[in-house]
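let's see this in three dimensions:
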Amino acid sequence: MEEKLKLFQRMVVGCAAALLAGTATIAPAAAEGEVIIAVGGGLFERGLSENIATAFTRETGINVRFVAASPGERSARVKAMAEADRFEWDIVLSSERHARLLSEHLMEDVCEKADVAGKVVDGGCKSFGVLGIVGGLPLVYRADKFDGKKMTGWADFFDPEGFPGPRGLPNYGSPLVVIAPALLADGVPADKLYPIDFDRAFAVLDRIKPEIAVWWRSGDQSQQIFRSEEAIAGQLWGGRALGLVGEGMPLEVIWDGAPADEAYWVVLKKGPNQANAVKFLNHYFSSTDGHSEFYAMTNWDTANRAYLEGIPAGESSGHPGLFVSKMLKEDYDWSVPNADETLTRWNEWLSR
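Got it, this is the predicted structure:
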């Protein structure tokens, strides 16, 4: 998930051997081999290990070994493995952007091979992998501010006269997560956001620029500015927003129109344990064991259809997985070749 997964990453330093040695292992009930999965580390890895992987090992006897690495490290290691023609991982949890860059090394039609096409959320099957984890960057605001008025979407957020007050927005190298909501607020339909009209987007952002008190760069910082009330409205990673709600903060979280923050399970086509990789994905989407516990630990949803359909109605507002169809999806066919121009235009606007 690129920079967006920073919430759950603990960077692994050192050489490639040290990277591969940094693993979390679950002892199998009956040894049936293993599957090696590269993820982001930290709380995210622990949530998968203690809940999803434990249930898989209990049922199959297949050991799950996790390797912690940042998104960039994961991509670099896969490319290095390909050059050496020696693949040491089976599955990688990847953003769509990184998966596209690694496509020649990935198993195609994973959904069919793992028999999960009807068990993942709509749109979750891609040629390069299958949607595994769902999150987003929702609009959030303090419900105890604004004299009781309620924001209903991005149009309200970009209306400083109707909703005056300090705001906090992300600036960690992915400007489209701010630019796309600005266009949506100005009436551009979600399916017509690309190609990006930069002039129109920055005109919308100009409306609230004086109100932006903080451009946050980390998950910890994003939460702290709401605790200190440096910002009373803004945009947060969903897990961080739900963490503040869990602390008792009267924070409203609006998922409709949130830029999607998703991770895909991709299978390396020359991985050492392909059969077990397919079995892991089949179990991940065929069983709901551990999925609720994973959410409780991380505030991220899995894309397991049965799990999401089983969420009680009274708890639905806290689950990003139930809003997948309403989130903004990045058009990578446009954004990847236009990445340099996007960042240049963004930095020029910030410096004005």
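
from the contact counts, what lies against the helix or strand harbouring residue 225?
Using DSSP states H and E, residue 225 maps to helix 219-227. Contact partners of helix 219-227 among helices and strands, from 3 or more C-beta pairs under 8 Å, 6 or more residues apart in numbering; DSSP states H and E: strand 167-170, strand 212-216, strand 233-235, helix 238-246. C-beta here means a position set from N, CA and C on the backbone, and glycine is covered the same way.

how about a cut-off of 6 Å?
Helices and strands touching helix 219-227, as assessed by 3 or more C-beta pairs under 6 Å, 6 or more residues apart in numbering; DSSP states H and E, comprise helix 238-246.

where does this structure have low pLDDT?
Scanning the chain for pLDDT under 70 picks out 1-31.

sorry, back to before: quick check: angle from the helix holding residue 225 to strand 212-216?
Between helix 219-227 and strand 212-216, the angle comes out at 160 degrees (axes from the mean of the first three to the mean of the last three C-alpha atoms, to 10 degrees).

mind listing what's buried in helix 219-227?
Going by neighbour count (16 or more other C-beta atoms under 10 Å), the buried part of helix 219-227 is 219, 221, 222, 223, 225, 226.

next one: stretch 334-348
Across stretch 334-348, burial judged by 16+ other C-beta under 10 Å covers 335, 338, 342, 345, 346.

okay, now the residue lying closest to the third one once chain neighbours are set aside: neighbour count?
The reference is to residue 342. Nearest residue to residue 342, sequence neighbours excluded (C-beta to C-beta, 6 or more residues apart in numbering): residue 175, at 6.0 Å. Neighbours of residue 175 under the rule other C-beta atoms under 10 Å: 23.

ok, now which ones touch residue 121?
By C-beta atoms under 6 Å, 6 or more residues apart in numbering, the contact set of residue 121 is 303, 305, 324.

how near is the last one to residue 180?
Counting by C-beta to C-beta, to the nearest Å, the gap from residue 324 to residue 180 is 16 Å.

the two: who's more crowded?
Legend: neighbour count by other C-beta under 10 Å for residue 324 and residue 180, higher for residue 180 (26 against 21).

and that one, that's in a strand?
No. According to DSSP: H, G, I helix; E, B strand; the rest coil, residue 180 belongs to no strand; its state is helix.

what sits against it?
For residue 180, the contact set (C-beta under 6 Å, 6+ apart) comprises 193, 259, 328.

apply 8 Å and report the result again.
Counting by C-beta atoms under 8 Å, 6 or more residues apart in numbering, residue 180 touches 193, 196, 259, 328, 330.

that older thread, closest one of the buried residues of helix 219-227 to residue 285?
Set against residue 285, the nearest of those by C-beta to C-beta is residue 219 (28.0 Å).

residue 229: neighbour count?
Neighbours of residue 229 using other C-beta under 10 Å come to 12.

distance of it relative to residue 165?
According to C-beta to C-beta, residue 229 stands 9 Å off from residue 165.

start to end distance for stretch 287-304?
Stretch 287-304 has its terminal residues 8 Å apart, counting by C-alpha to C-alpha, to the nearest Å.

quick revisit: farthest pair in the contacts of residue 180?
Farthest-apart pair in the contacts of residue 180 is 196 and 259; separation 12.8 Å (C-beta to C-beta).

quick check: neighbours shared by the two?
176, 180.

about what we covered before: give me the distance from the helix holding residue 225 to the chain's centre.
Distance of helix 219-227 from its chain centroid, counting by C-alpha atoms, centre = their mean, to the nearest Å, is 18 Å.

just stretch 105-119 next, same as before
The chain centroid and the centroid of stretch 105-119 are separated by 20 Å, computed with C-alpha atoms, centre = their mean.

again, but for stretch 210-218
Taking mean C-alpha positions (C-alpha atoms, centre = their mean), stretch 210-218 and its chain are 21 Å apart.

go through it and flag the buried ones.
Buried residues in stretch 210-218, defined by neighbour count with 16+ other C-beta under 10 Å: 211, 212, 213, 214, 216.
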